[in-house]
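**Q** coords please:
(2 chains)
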Amino acid sequence: ETGVTQTPRHLVMGMTNKKSLKCEQHLGHNAMYWYKQSAKKPLELMFVYSLEERVENNSVPSRFSPECPNSSHLFLHLHTLQPEDSALYLCASSQDHRGSYEQYFGPGTRLTVT
Amino acid sequence: AQSVAQPEDQVNVAEGNPLTVKCTYSVSGNPYLFWYVQYPNRGLQFLLKYITGDNLVKGSYGFEAEFNKSQTSFHLKKPSALVSDSALYFCAVRDIMGGGNKLTFGTGTQLKVEL
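**A** A predicted model of the protein is given here:
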């Protein structure tokens, strides 16, 4: 595997379910990110991790809970979601969370909340 | 605060013609600027970036972008468009001094290249 991988690629869940999204980067980067992409809206930064420490929490509801057990893995735990949470969730990584480093994105998880 | 604007939701170009996708930005200091491309059912792919130095930046797949500080613009260009260039293009900015950890993206421009 190369680059940034995400599983699952598609997820349908009810509002009372609990599920988790997984991201893994094979680039040796120190920073990882979760974004939400909704139609006709700019990408919304959700969380930033640097060397497993959360450095940004962009006013995200508590029904989204991130976890970064090591610099290569990032999870997004989901519980009691709302239909408006349906979106494409993108994971990204970069060499560092500061400066001019570009981010490398995974293919995303298409989430549908019913 | 930092922001970026992509004034066109969609750009249509004939194959072989030059293409331009527009981006303007606003920062309190100096910017780092990026272009990304997104194909259907895929994540964003990095195309090019401006950090400092030469205002004309060359990137992947024959794309280039010109940094214009006076007009606060960073338009993406390609001399000869291909049908395979059809995709969603995002401009992004980070304020060198005040941007913190955040990269701010535009709303995207859908590029359609037709035969």
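**Q** I figured residue B:61 hits residue B:81, correct?
**A** No. Counting by Cβ atoms under 8 Å, residue B:61 does not reach residue B:81; the two are 10.8 Å apart. For every residue, glycine as well, the C-beta is placed using N, CA and C.
**Q** higher neighbour count, the two?
**A** A direct count of neighbours by other Cβ atoms under 10 Å in any protein chain shown for residue B:61 and residue B:81 places residue B:81 higher, at 21 against 12.
**Q** gap between that one and residue A:12?
**A** Applying Cβ to Cβ, to the nearest Å, the value for residue B:81 to residue A:12 is 37 Å.
**Q** once you drop chain neighbours, what's closest to the residue in chain A that chain B sits nearest to?
**A** Here the residue of chain A nearest chain B is residue A:105; by Cβ to the nearest Cβ that distance is 3.4 Å. Nearest non-adjacent residue to residue A:105, counting by Cβ to Cβ, 6 or more residues apart in numbering or on different chains: residue B:43, 3.4 Å away.
**Q** residues touching the residue nearest to the spatial centre of chain A, list them.
**A** In chain A, the residue lying closest to the centroid (Cα atoms, centre = their mean) is residue A:34, at 2.9 Å. For residue A:34, the contact set (Cβ atoms under 8 Å, 6 or more residues apart in numbering or on different chains) comprises A:23, A:45, A:46, A:47, A:66, A:74, A:76, A:89, A:90, A:91.
**Q** now render those residues as JSON lines, adding pLDDT, distance to residue B:69 and secondary structure.
**A** JSON lines is the format used below for the contacts of residue A:34 (pLDDT from 0 to 100; distance: Cβ to Cβ, whole Å; DSSP: H, G, I helix; E, B strand; the rest coil):
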{"residue": "A:23", "pLDDT": "98", "distance to residue B:69": "36", "secondary structure": "strand"}
{"residue": "A:45", "pLDDT": "93", "distance to residue B:69": "26", "secondary structure": "strand"}
{"residue": "A:46", "pLDDT": "95", "distance to residue B:69": "31", "secondary structure": "strand"}
{"residue": "A:47", "pLDDT": "94", "distance to residue B:69": "32", "secondary structure": "strand"}
{"residue": "A:66", "pLDDT": "96", "distance to residue B:69": "37", "secondary structure": "strand"}
{"residue": "A:74", "pLDDT": "97", "distance to residue B:69": "36", "secondary structure": "strand"}
{"residue": "A:76", "pLDDT": "98", "distance to residue B:69": "38", "secondary structure": "strand"}
{"residue": "A:89", "pLDDT": "97", "distance to residue B:69": "35", "secondary structure": "strand"}
{"residue": "A:90", "pLDDT": "97", "distance to residue B:69": "30", "secondary structure": "strand"}
{"residue": "A:91", "pLDDT": "97", "distance to residue B:69": "33", "secondary structure": "strand"}
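**Q** among those residues, which are in reach of chain B?
**A** A:45, A:90 (Cβ under 8 Å from any Cβ of the partner chain).
**Q** out of the contacts of residue A:34, flag the one nearest to residue B:49.
**A** Of all the contacts of residue A:34, residue B:49 sits closest to residue A:45, with 17.7 Å by Cβ to Cβ.
**Q** chain A contacts on chain B?
**A** Going by Cβ under 8 Å from any Cβ, the residues of chain B near chain A are B:32, B:34, B:36, B:41-46, B:49, B:51, B:90, B:94, B:100-108.
**Q** restricted to strands, list the residues you listed.
**A** B:32, B:34, B:36, B:44, B:45, B:46, B:49, B:90, B:94, B:104, B:105 (DSSP state E).
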